[in-house]
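>>> Give me a 3D structure for the following:
(chains A and B)
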Protein chains: 2
Amino acid sequence: MLGRYYPGQTCSAAGALELVGERWSLLILRDALFRGHTRFSDFERSLGIAPNILTKRLESFVADGLMVLGAPPGEAREYRLTEKGRSLKSIIVALNDWGDRWLQPGPIDYVHAGCGGVIKQTFACECCAKDVALDEIGVRRRNV
Amino acid sequence: MLGRYYPGQTCSAAGALELVGERWSLLILRDALFRGHTRFSDFERSLGIAPNILTKRLESFVADGLMVLGAPPGEAREYRLTEKGRSLKSIIVALNDWGDRWLQPGPIDYVHAGCGGVIKQTFACECCAKDVALDEIGVRRRNV
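Below you'll find the predicted structure:
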C-alpha cells in the first residue's frame, strides 16, 4: 500500500495521505462523516462532482476498506463508512484546525456532542501525560 | 487559495490539503520539520526525488508562505520553515497516527522533547475541557 506513490518511503503519514489526498477524496469523506451521506446521488448533489470521478473515488474507498457497499432491497446502493473510515475524523479535524488558523476561518466548527463546545486538536505525552506544544514534538526511530 | 482545486468549497480542511496533498509535498515538509533539512541537495538526497519536481514544490512552499528562501553569503540557498510551515506538524502527526494504526506501523515515533514519551493526538473540548473520543465529535455551522 505504501509503495503506491512513494517507493522506498515507509512513512505512515504518507500512507494515510495516499488514501485521502487525491482530489475530491477528502470532501467526499467529510460529507460521509459529518453529513451522514451514503448514496451516490447525495454526494453528487452536495459536491457538484463529475460522476466518473465520484465512482472512481467511492470504488477506491471500498477497495481500501474505508467504506463498505450495501444494497438494501429495492433501494439505492449505499456506501457506509467502516471503523477505519470513521477514524479519519482525526485527520480531518487536524487539517481543519490548521486551515482555520492559517488560511481563513471556514464555515464550520467541530463540536463536542456532549456539551456543544468547540473541539480542538491537542497532543498528549503517553509518559508524562502533559499537554504538549508543537515545538516540543520531536521524532525518534522506533526499535523494531 | 481555497478555489484552486475545489471551487465553491470553502472548507479549511480542503484548503490545508491543497498545500500538503500534492505528491511529495508531505515528505519534503516532514524532512524539513523533523530532520532539519534546508538545502535543495539535502531533500534531493534523502528522498530520491526528481529535481524538477523538488524545485516546483519548494517554490510553491515559498509562494504559500510555508518556507522562506535565504542565501547566506557564499553558501547554498536555504529553504527555512516559517511559523505557518512549522505548525503543519499537527497535520503530520495526525496522518501518522492514523497510518500507524490502520495501515502498518511506520518506522518512527513522535516523541515529547521533554521526557522522550510517545506523543498521541487527542481532542479537547473548549467548554468542558474533557478528552473527547472521535465518535463524540460532531459538526456545526459557524455563526458568521
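>>> Can you identify each of the strands in chain A by residue range?
In chain A, the strands defined using DSSP state E lie at A:67-70, A:78-81, A:108-112, A:119-125, A:137-141.
>>> If you count contacts, what does the second one end up packed against?
Right, strand A:78-81. helix A:25-34, helix A:51-63, strand A:67-70 (3 or more Cβ pairs under 8 Å, 6 or more residues apart in numbering or on different chains; DSSP states H and E). C-beta here means a position set from N, CA and C on the backbone, and glycine is covered the same way.
>>> what do you get if the cut-off is 10 Å, keeping everything else the same?
Contacting strand A:78-81 under the criterion 3 or more Cβ pairs under 10 Å, 6 or more residues apart in numbering or on different chains; DSSP states H and E are the following elements: helix A:25-34, helix A:40-47, helix A:51-63, strand A:67-70.
>>> thinking again about what came up before, dump the strands of chain A to CSV, plus mean neighbour count.
Converted to CSV, these look like this (neighbours: other Cβ atoms under 10 Å in any protein chain shown):
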stretch, mean neighbour count
strand A:67-70, 15
strand A:78-81, 18
strand A:108-112, 21
strand A:119-125, 20
strand A:137-141, 15
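>>> Of the ones you listed, which is nearest residue A:88?
The closest of the strands of chain A to residue A:88 is strand A:78-81. By Cβ to Cβ, the value is 8.3 Å.
>>> rewinding a little: please tabulate the strands of chain A in a markdown table, including the columns distance to residue A:98 and mean pLDDT.
Formatted as a markdown table, the strands of chain A follow (distance: least, Cβ to Cβ, whole Å; pLDDT from 0 to 100):
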| stretch | distance to residue A:98 | mean pLDDT |
| --- | --- | --- |
| strand A:67-70 | 25 | 95 |
| strand A:78-81 | 23 | 96 |
| strand A:108-112 | 13 | 91 |
| strand A:119-125 | 9 | 93 |
| strand A:137-141 | 14 | 89 |
